[in-house]
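1. sequence-free structure coming up:
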């Protein structure tokens, strides 16, 4: 029987654009009339075989292939499972080979598809599924027990991790933020196994698992170290002490670590701040004596095992019935030889020879006689209850104090204020800046700041309504909507969230949270959310070659905002024709595009912000 071989050539439209030129591909079908057999490119014989179905993260993939057509640009790609057939992550041309082996780069954890194509086109001829990283089991951490002795090592079992080199497990204080931790260890690319973390002081903790050096907690487990229900008490033996009087404190309920400790700190400072302290040397209860302090309000704080979580506290006041003694400065950083205005208030009961002296900051506080030996310069108050004293900053760079004393006859230091002498180029002025001044409700706001090193831990930046009067830290404290402490940082960025109410606001910086002052501000507004861009047509069906009129609204007004026509189903970065809007941002305006002569009647309109 005679066989007829008929070669049929036909064009298939392929919506792939390269350098503005539409690509088309030619395919052939062979019909064997004798056997009535139809085969398209021998598709039933083409195959791709990965060497294994599961790979480690970023492990190179070896792929065997068979039965390809032999075109120079037959190709094999890796794509995310479920993605469009026109999408891929990486690929390699087969360079005319019909069979052989290629290697493709490894990928991040997940399920992927290996796809085979002919001759630079996007019809998938064969596909195979592979996985990188863990096999899909739930991530989990566990311990052999839930209660550990103080300083006992903690073994942590883990499974279901994706296999990044920097997957990690940490121990944190219970209730702390997810990006805070005490100790950690990388699991070094393992999917499962166990690690050992150092022992801890008594308390409640959380073991947390993370992927790839990031801070999203994937799994967590609570543990207890030491006795449960331990309640530490710090008892002030009286509420008021005189300047120069030692401070006696009773304590109980401590766990008995050698480095359990009690400290004295200024009221309102952060919990890791202190003036002086004493270890309890393994005692669970008893009495300690802390050094005398100058006039002011203080907090006595108890801690476990050399850490900074306050377990108990009480408050005291140090006063000598001379309340009202105060020193203030316009700023806390000066250059050598600069004039310094020192503002003071003092009780009328102070002696004629009450005085203010300038001293190095490292001189111990409290004793007027000791300060008298180390003062660099001084001035008497001469029975004045308020006023301004003018000093000259020392030539030597360093940290200094102005200190007030109630008399020059074996008196006491009653108050002080610190400052620094720095080279002019090192002076850091307080400042606040924003990337823009208008935000929508709920939008994240980056507040960039600089602050002098002399500011205490509790210097802060607050978000306030703009109509609150400027200047007073106490007034701002009563009206702030949100705040963050600077924590001794001299520069950085704080992230806030724009209020829901549309009006004018300020960010304001304050030199301390203890009756300080406002030192910098920056204004911004919360405005209504803008309506997004939109496109409309006067009809949806057009004749070949007919112009298409597009009405547009809500564009950003950039000179190169643009509207294009693209083939339906093509990638978002492909187009047939386009037009720039030339900075127009109208309520509604027409844009005329020339339709291309296509073999398909369906087309879509896309809007992009085009670079270049």
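-> Now that the structure is in, tell me what you want to look at. Keep in mind the model is a prediction, meaning the values are calculated, not measured.
2. next structured bit after the lowest-mean-pLDDT helix or strand in the chain?
-> When each helix and strand of the chain is scored by mean pLDDT, DSSP states H and E, strand 37-39 comes last, with a mean of 29. Using DSSP states H and E, the helix or strand that follows strand 37-39 in sequence is strand 47-50.
3. I would like the residues contacting that next one, please.
-> Residues outside strand 47-50 that contact it (Cβ atoms under 8 Å, 6 or more residues apart in numbering) are 61-67, 76, 114, 116, 126-128, 130. Where you see a C-beta, it was placed from the backbone N, CA and C, and this is true even at glycine.
4. and the residues you listed, which of them are in strands?
-> Within those, residues falling in strands by DSSP state E are 61-66, 76, 114, 116, 126-128, 130.
5. what sits against the residue positioned nearest the centre of the chain?
-> Nearest to the geometric centre of the chain sits residue 495, at 8.2 Å (Cα atoms, centre = their mean). Residues near residue 495 by Cβ under 8 Å, 6+ apart: 444, 445, 446, 447.
6. among the ones in strands among the contacts of strand 47-50, which ones are buried?
-> Among those, those buried by neighbour count (16 or more other Cβ atoms under 10 Å) are 61, 63, 65, 76, 114, 116, 126, 128, 130.
7. from those, pick the one nearest residue 360.
-> Set against residue 360, the nearest of those by Cβ to Cβ is residue 61 (67.7 Å).
8. so what's the closest one closest to, chain neighbours aside?
-> In space, and not counting its chain neighbours, residue 61 is closest to residue 104: 4.8 Å by Cβ to Cβ, 6 or more residues apart in numbering.
9. the one you found and residue 90 touch, don't they?
-> Yes: using Cβ atoms under 8 Å, residue 104 is in contact with residue 90, at 5.6 Å.
10. quick one, which of these two is more surrounded?
-> residue 104 (19 against 13; other Cβ atoms under 10 Å).
11. tell me the buried residues in stretch 158-171?
-> Using 16+ other Cβ under 10 Å as the test for burial, stretch 158-171 gives 158, 159, 160, 161, 162, 163, 164, 167, 168, 169, 170, 171.
12. which strand or helix spans residue 388?
-> strand 386-392.
13. quick one, the next helix or strand after that strand and strand 386-392 angle?
-> Counting by DSSP H and E, the element after strand 386-392 in chain order, helix or strand, is strand 398-405. Put simply, strand 398-405 runs at 150 degrees to strand 386-392, going by axes from the mean of the first three to the mean of the last three Cα atoms, to 10 degrees.
14. heads up, I number from 47, so please use that
-> Let's use 47 as the start, then, which means that last one is strand 444-451.
15. name the helices or strands packed onto strand 444-451?
-> The elements that strand 444-451 packs onto, with contact taken as 3 or more Cβ pairs under 8 Å, 6 or more residues apart in numbering; DSSP states H and E, are strand 372-375, strand 401-406, helix 414-420, strand 459-467.
16. distance to residue 312 and mean pLDDT added to the ones you listed, as TSV?
-> Formatted as TSV, the helices and strands packed on strand 444-451 follow (distance: least, Cβ to Cβ, whole Å; pLDDT from 0 to 100):
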stretch	distance to residue 312	mean pLDDT
strand 372-375	15	89
strand 401-406	19	96
helix 414-420	20	93
strand 459-467	12	89
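17. for residue 435, which of the ones you listed is the nearest?
-> strand 401-406 (5.8 Å).
18. and that closest one with strand 444-451, angle?
-> Using the same axes, to 10 degrees: strand 401-406 against strand 444-451 is 160 degrees.
19. now strand 401-406: buried residues?
-> By 16+ other Cβ under 10 Å, the buried positions in strand 401-406 come out as 401, 402, 403, 404, 405.
20. just stretch 348-368 next, same as before
-> Buried residues in stretch 348-368 (16+ other Cβ under 10 Å): 348-351, 353, 356-360, 362, 364-366, 368.
21. ditto for stretch 508-525
-> Buried-residue list, stretch 508-525, by 16+ other Cβ under 10 Å: 508, 509, 510, 514, 519, 522, 523.
22. and of those, the nearest to residue 486?
-> The nearest member of these to residue 486, counting by Cβ to Cβ, is residue 509 at 15.3 Å.
23. who does that closest one form a beta bridge with?
-> Beta bridges link residue 509 to residue 528, residue 553 when assigned by DSSP bridges.
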